[in-house]
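A.B. asks: this is a predicted model, with the sequence first.
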Amino acid sequence: MIRSSIVFFLFLFFSFYSHSQTLESLSLLRADTTKRDTTKREMAASVPAGNDQLSAPRNYYNLLRNKSITLKGLFTVHKVNDNYYFEIPDSIMGRDLLVVSRIAQGAAGLRPGFTGYAGDQIGSRIIRFEKGPGHKIFLRRITYEERAGDSTNSMYNAVVRSNLQPLVAAFGIGAYSPNGKGRVIEVTDYLNGDNNILFFDDGARSKMNVGSILRNMCYIKDVNSYPVNLEIRTIKTYNESRADKTFTLELNTSIVLLPKEPMRKRYADKRVGYFSERYTDYDANPQGIKEVTYIKRWRLEPKPEDIEKYKNGELVEPVKPIVYYIDPATPKKWIPYLKQGVEDWQKAFEKAGFKNAIIAQEAPTSAENPQWSLEDSRHSAIVYKPSTQANAAGPVVTDPRSGEILESHINWYHNLMSILRDWYMIQCGPTDPRARKLTFDDALMGQLIRSVASHEVGHTLGLTHNYGASSTVPVEKLRDRVWLEQNGLTPSIMDYARFNYVAQPEDSVTESGLISRIGAYDVWAIEWGYRWYPEAKTPDEEAPILNKWIVEKMENRALWFGSEFTSDDPRTQTEDLGDNAMKSGMYGIKNLQRVMANLMNWTYKPNEGYTNLSQLYDGVTGQFDYYVGHVLSNIGGIYETPKTTDQQGPVFAMVPLTRQMEAMDFLKKHVFTTPHWLLDTAILSRIGESPTQTISKTQGMVLNHLLSPATLSKMVVNEAMYGDKAYPLYAYFTDIDNAIWTELKTSSPVDIYRRNLQRSYIDKLVALAAKTGADYRDVGPILKVKLREIDNNISKALSRTKDPMTTYHLKFIKDKLESAIETIK
C-alpha cells in the first residue's frame, strides 16, 4: 500500500513537472545561470548564431517580470537577472543599422603593431533585423557593392536576385509588444559569445592574433539605449592565436540607426583628393557597367531658416556641426594645440559657406557625466594612447550608401612627440635655435602637435594625401620669409612636406615658414567637397557644375592635386619640397652638414649614454636618403596630370631630358662622390656605426633604382615615344660609367668607399645581363659593349697604377668581367 502510494505520488509529481517544464520551455527567460544552450546551429567559428529556439512566444508580462530593468531608446532593452532582451519596434525592422566595434580597454601586453589600444576600431558593418516565419527574427548582413538604379527597372530586380545578402543569426521571438508593434528577443548568448558582426572582423582578428574565445571568462558588462544608437559593453577573453596565452579585453559595440534617406552622394574626381566609396552600377551604362565612386564627407547643410541667407552668400551655421572631443587622458598642456589643429579648418568651411562648422571641445570626465563615453558612436574624438608607437591616424566611419561620415576617432600616440622632435631638429635645427636641444619648449612642441592634428583632422574630413602640393612651390620661394608668411611652405597640410629644410640660416625664416599649415589647396578642396548646391537635385546634376569649377580652378597651379598612388611622377613624393628636387636637395644637404657639425652638442645629456646621438644620426642619414630618392624619381620619370576630355593636353608626359640629366649630375656629385661629411669619426666611434655600410646603403639604393627593370623599361618606352627628346640608353649607361670610373682616367688610387661602389656596380651589371631578353633587347648589346669598355679601361689603368690595393681591386673586377661578357647573348 505504501509502495503503491509512493508510485502514484511519483506519477503525479512527474506528470505535473513535465507539464510545467513544457510551459516553461515556451519562455525565453531562465532565472538560473545554468540554463541550457538553446542554439540550434553554429557559425563557422563555433559561435552561437543568435537564439534560434523553436518555442512559441510567451505573454509579454510573464516574460519580462517585475524584476526587469528597462531602458528605452533605439531598442527597448530589458535586463532580467543576468539575461538581456531587445524589444525591437516594427519601425526598425528592415532599416539599415551600422555596427561599430571598438576596444574600450586594451589587454595588458597585447600590442601587435599599431593595434590593441583603447579606442581602436575592430569592426564596422551594416545589418538589418527582419521578420521571419515561425515566430523568428533574422539578422542579415548588408553590403552595397553592386546596384542598379531604382526599383522601377528590370535590371534592378535582376541585380537583387543575384545578390541575396547573407543571414548571420536567427532569434526566436520571446514575446510580442503589448501594442503589437514590436518583438522581444533574447540576446544574452549572442552578446556573450563571439561573432564577426558585433565584435572582431576578420581583418582585426588577424592583426591582433585573436584566437578562440573562452566563454567561461566572458560576460556582458553593460547595455545602454539612446534615441538613435545602442551601446554594448562586454568583457571578452581569448586565446592568442600565435602564442600559448590568453588575454582579456573590454569591447564596446555601437549599433547606430542610419538615416532613412541617405545623404546625397557627390561623385569623386581624380583631380581633388577625397577618400571614396564605390559600387558597380549595372544600369548607369546602357552597354556595360560603370564603377561609381563618391566621396566621403560629413553632412553639412544650412538650417531651414538660413537657406536663403546661404544662397545669398552669407555665412550660416550648419544644422549639425562637426564636433571633436579631446580625450580626458590628454596632458592638459597639449589640449589647446589639439583644439587649434581642429579649428584651423574653420576658415576652409567658411569658404564653403559655413561658420562654426567644426569645433573642438574637452570631453567630460566620468565625474562630470558618468554616461558619456569616448566609445559612443555619436561622438568623434581625439583619443590619446599611452603608446611607444610614434604615430597618429585619422580613420572614419561612413554610411556606405552615401559616403556620409558619421564619426571619427583620431588615434594620437604619445610617443609621436619623439619623432616630431627628431624631424624638426634635423630639418630645421640650423634655422631655428629652439630645435637645438633634446627637450623642446612646450610652445614649439605645441605648434608641431597642432600641425599634425590639422593633418589628421583633414583625413577625417575626407581628404587624402596630396603629395603633389609641395611641387607647385618654386624652390627659391622657400627661402623668402615674406612669401612664406603669406603662403606657407606648401599649399596643403595633407602633403607630407612637414618642415622647411630648404631655408638657410641667413634667410631668417620664422616659425610660420618652417612648419606646415593649412593652405590654399586645403581650402579649395573643402569648398569643392562641402559647398551645398540646392539647385541640383541629384549627383548627376551636380557633376557638370563641379567639373566646370575644377577646370577653372586648375589655372591656379597651387590647387593641383597629386595622388600618393602616382608612383612614377617625381612631383608626387613624400617628404619632399619645391619644384626642383635637385635644388631643394642641395639646400637640404647644406643644412644636414650643419646638423652633423653640432649633433654631439645638441644631443648631449648628462649621465646618459649615446642612444640619442645614435637615433639622431640615423635620422640624418635617413633624411639624406630622402633627398637622394627625390632626385632619383626624375630619372625615367613620367608626369601624370589627371584630366577630363574637355581639358587640353596629355595626361602622361616624360620628365624633360634636361631635368633627368640634372638629376644624374646631382647623383654624381652627392652620392657617387663619397659624402665624407656623413663620416664624422667622433660620432661613429661613439655609436658603433660602420662608415662603409652607411655609404654602401645609400649607393646601393641608387644603383638598384638606376639599373632596375622598371627604370630601364620606362627609358625604353620614352625613347620609343619621344625619340631624341628622351634619354638614350647608351648615353644613360655612359653617364653612369663616367661617374663611377673616374679613377681609371686619372690613375689615382681607389679608396675603400669607391672600391665598394665599383664592385657593387659590376655585380649589378652582371646580374642585369642575365635578365636581358625580349623585354630588354636594346639592353643586352649596350651592356656587352659597356662591359668591354670597362675591361679595356681597367687594362690600361693597371699598367699605370702604383697603389697595391687598387691593383688587387681592378684585377678582381677584370676577372669577373671576362667571365661575364661571354654569357651575354
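C.D. replies: Perfect, I can see it now. Numbering: from 1, shown residues only.

A.B. asks: which SS state does Arg594 fall under?
C.D. replies: helix (DSSP: H, G, I helix; E, B strand; the rest coil).

A.B. asks: show the pLDDT at Thr115.
C.D. replies: Here, the pLDDT recorded for Thr115 equals 76.

A.B. asks: quick one, what contacts it?
C.D. replies: Thr115 is in contact with 204, 207-208, counting by Cβ atoms under 8 Å, 6 or more residues apart in numbering. To be clear about C-beta, it is placed using only N, CA and C from the backbone, and glycine gets the same treatment.

A.B. asks: quick one, domains of this protein?
C.D. replies: Per automatic domain parsing, the structural domains of the chain span 24-257, 304-359+373-387+405-602.

A.B. asks: save those as TSV, and put in distance to Gln758 too.
C.D. replies: Formatted as TSV, the domains of the chain follow (distance: least, Cβ to Cβ, whole Å):
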stretch	distance to Gln758
domain 24-257	40
domain 304-359+373-387+405-602	23
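
A.B. asks: mean pLDDT lowest for which of these?
C.D. replies: Minimum mean pLDDT among those: domain 24-257, a mean of 81.

A.B. asks: quick one: it to chain centroid distance?
C.D. replies: Centroid separation between domain 24-257 and its chain, computed with Cα atoms, centre = their mean, to the nearest Å, is 28 Å.

A.B. asks: now swap in stretch 245-264 and tell me
C.D. replies: Centroid separation for stretch 245-264 versus its chain: 20 Å, with Cα atoms, centre = their mean.

A.B. asks: how many residues are close by Val651?
C.D. replies: Val651 is flanked by 12 other residues according to other Cβ atoms under 10 Å.

A.B. asks: phi, psi for Asp222 please.
C.D. replies: Asp222 has phi and psi values of phi -170, psi 150 when expressed as degrees, to the nearest 10.

A.B. asks: for Tyr533, same thing?
C.D. replies: Residue torsions, per degrees, to the nearest 10, at Tyr533 are phi -120, psi 90.

A.B. asks: do Pro302 as well
C.D. replies: Main-chain dihedrals, Pro302, degrees, to the nearest 10: phi -70, psi 150.

A.B. asks: for it, what are its contacts?
C.D. replies: 309-310, 316-319, 353-354, 532.

A.B. asks: ditto for Glu375
C.D. replies: Contact analysis of Glu375 by Cβ under 8 Å, 6+ apart lists 102, 104, 119, 231, 252, 254.

A.B. asks: look up phi and psi at it.
C.D. replies: phi -80, psi -10.

A.B. asks: how close does it sit to Asp327?
C.D. replies: Taking Cβ to Cβ, to the nearest Å as the measure, Glu375 and Asp327 are separated by 11 Å.

A.B. asks: for Asp189, same thing?
C.D. replies: Distance from Asp189 to Asp327, counting by Cβ to Cβ: 34 Å.

A.B. asks: and for Pro227?
C.D. replies: Counting by Cβ to Cβ, the gap from Pro227 to Asp327 is 25 Å.

A.B. asks: more neighbours: which of those two?
C.D. replies: Asp327 (20 against 9).

A.B. asks: now do that one against Glu689, distance only.
C.D. replies: Going from Asp327 to Glu689 by Cβ to Cβ gives 39 Å.

A.B. asks: do the same with Leu810
C.D. replies: Leu810 is 29 Å from Glu689, by Cβ to Cβ.

A.B. asks: between those two, which has more neighbouring residues?
C.D. replies: Leu810 (22 against 17).

A.B. asks: mind checking what secondary structure that one has?
C.D. replies: helix.

A.B. asks: do the same with Arg233
C.D. replies: Assignment for Arg233 (three-state DSSP): strand.

A.B. asks: give me the number of residues near it?
C.D. replies: With neighbours defined by other Cβ under 10 Å, the count for Arg233 comes to 18.

A.B. asks: list the contacts of it.
C.D. replies: Taking Cβ under 8 Å, 6+ apart, one finds 104, 220-223, 250-252 in contact with Arg233.

A.B. asks: most neighbours of all these, which one?
C.D. replies: Asn252 (24 neighbours).
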